[in-house]
Structures are given as structure tokens and as C-alpha cells.
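Chemist: Sequence plus the predicted model coming up.
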Amino acid sequence: MNYEILCQKVVNIVRETGEFIKCERQKNRLNIESKGKNDLVTHVDKASEEQLIKQLGELVPNSGFIAEEHADLKQGEQFSWIIDPIDGTTNFIHGLSPFAISVALQEDNETVIGVIYELGLEECFYSWKGGKAFCNDTVIRTSTVNSLSESLIATGFPYSNYSRMDEFIKSLQFFMNNTQGIRRMGSAATDLAYVACGRFESFYEYNLKPWDVAAGAFLVTQAGGKVSDFSGKNNYLFGKEIVATNEHTYKEFQSHVKRLMNN
């Protein structure tokens, strides 16, 4: 399989889906529903996911899907797509950026393609196994900052699972006092893409799903960064916690997250 050619086809599909999403947003036809506390979905999420499933399924026949709005779909025997049609739905509903499409392809449980299209700035981040990481055809790398004190950190605030809120608040207090600042963008996929291109040094969050992180985690590693769960292990895709950094600050940042969040 030629991952580069396949990745370019995925980028085209994702961009096409992005045009549909932007068009629907301009028409203000959202039909907002609630899936749970602060967990919203629109008809645009559902329709764009259907579009992605159809076209990506044709691209790799017999592939499986892990998709946010289709809990009935299953992983494939060899190939599986991991899809979030709109990561940052609350931002999308309120007319804020960022919000992004996130698509990853796994082969035998290894991510081999990752694409994130942030629609607000029309930036498409992508990479394939054996290739470099790109943003709109420009090669990207994680930042060269080598200390926590010079780092800009990204995170996400809990919106339904508050089980680790005490630990999370302590982590915010620590990083506010020991970094150049913390940002909460409202889209984990975008946060990870921004680590990959060097805008953030580090990102951490808990209670995320595979479709939130699969493509972004791949982009970070392809751009020279490091990704793990809070404990420094590799259970970040299904383990509902993730740390992503550039190569220089990982050890320092991860050790603090582990200490603060695993009390």
C-alpha cells in the first residue's frame, strides 16, 4: 500500500467534507441535539460522518470504523478508520474556532495515516507512515523549546466527567505558575495539531475518546514529538488520558502530569 498516495486522497475527502460543514454552518441549519450533559451533536456532525464513512470505505474496501456518531460500527480485521466529523462541536454551534475534522487510519492496530482539518483557519495537517508531517503542504515540526518554564501548554476542561476535578485544578495551578501560560481551545484534535506544528509545547487531558486523539497523536510523533498516557505508557488511544509534547520537554512535563493527576 502506498500510504502517501492514500493520504492525499484522504486529504481531498476531508477537505470536501469540510466545505459541506462550512456551507451548512453559513445556512445556520444545525438541528442541535443533546447526547448527555454538555455533550451536543448537530445534524451536520451526523451528515458529515456519513459522508466520510461512505467515501473512506470506498477508498479502503472492507475497512472497519470507530466513529463518534456511529456506536454500532466495529473495527476491521486489518484496516480501521477512526473518525470525528467535528471535533469541537460546541465551538461550531456557537460560531467559534477552532473546530476540526479528524481522521486516522490504522493497519493492524498501528496508525499509518492522520489528517486533521481545522476549518476556521482552513489548515489541513496530515502525515503518513514513512513520511513527514505537513500543514497545507508545508513541513511542520514540534517546537525546539527545552524547558517547562518557556512552554505554552494546552488542555481541555472536563464537561461531564468531574471525577478527577480536584487533581485537574491542582495541575492547572501548578502549570499556571510554572509555564508561560495555559490555553483551552475546545478541540483536542486541534490542540494536538498545534503541538505538532510547534504552537504549543505540550498538551494533556483526560476522558478523551479514540476519535479525539488518534490522528493528532500520530501527527505529533511524525513531527518529532512524544505521546503517552499520564503514566508514561502507550495506553492513550483507549485509556482516556493523553500527554503530548515536543521531544525536549516530554520527561519534565509528563512527570508533573503523572504526579499531579494520579494522586
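Modeler: Looks like it came in fine. Remember, it's a predicted structure, so these values are computed and weren't measured experimentally. Numbering: from 1, shown residues only.
Chemist: care to break this structure down by domain?
Modeler: When the chain is parsed with automatic domain parsing, its domains come out as 3-139, 148-261.
Chemist: Where do the helices of the stretch 51-200 of the chain begin and end?
Modeler: For the stretch 51-200 of the chain, the helices defined by DSSP state H, counting those that start in this stretch occupy 89-94, 165-178, 188-196.
Chemist: Out of these, which gets nearest to Tyr117?
Modeler: Among those, the nearest to Tyr117 by CB to CB is helix 188-196 (9.2 Å). C-beta here means a position set from N, CA and C on the backbone, and glycine is covered the same way.
Chemist: For Lys74, find the nearest of the helices of the stretch 51-200 of the chain.
Modeler: helix 188-196 (22.3 Å).
Chemist: Now the closest one - C-alpha only, CSV.
Modeler: C-alpha atoms of helix 188-196 as CSV (Å, rounded to 0.1, in the frame of the first residue of the first chain):
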residue,chain,number,x,y,z
ALA,A,188,-8.4,18.2,21.3
ALA,A,189,-7.6,17.4,17.7
THR,A,190,-6.6,21.0,17.1
ASP,A,191,-4.6,21.1,20.3
LEU,A,192,-2.6,18.1,19.1
ALA,A,193,-2.1,19.5,15.6
TYR,A,194,-0.8,22.7,17.3
VAL,A,195,1.7,20.7,19.3
ALA,A,196,2.8,19.0,16.1
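Chemist: quick one: the helix or strand just after that helix to helix 188-196, angle?
Modeler: Note on helix 188-196: by DSSP states H and E, the next helix or strand toward the C-terminus is strand 202-206. Relative orientation of strand 202-206 and helix 188-196, computed by axes from the mean of the first three to the mean of the last three CA atoms, to 10 degrees: 160 degrees.
Chemist: tell me, what residue is most central in the protein?
Modeler: Centroid check for the chain by CA atoms, centre = their mean gives Ala189 as the closest residue, at 2.2 Å.
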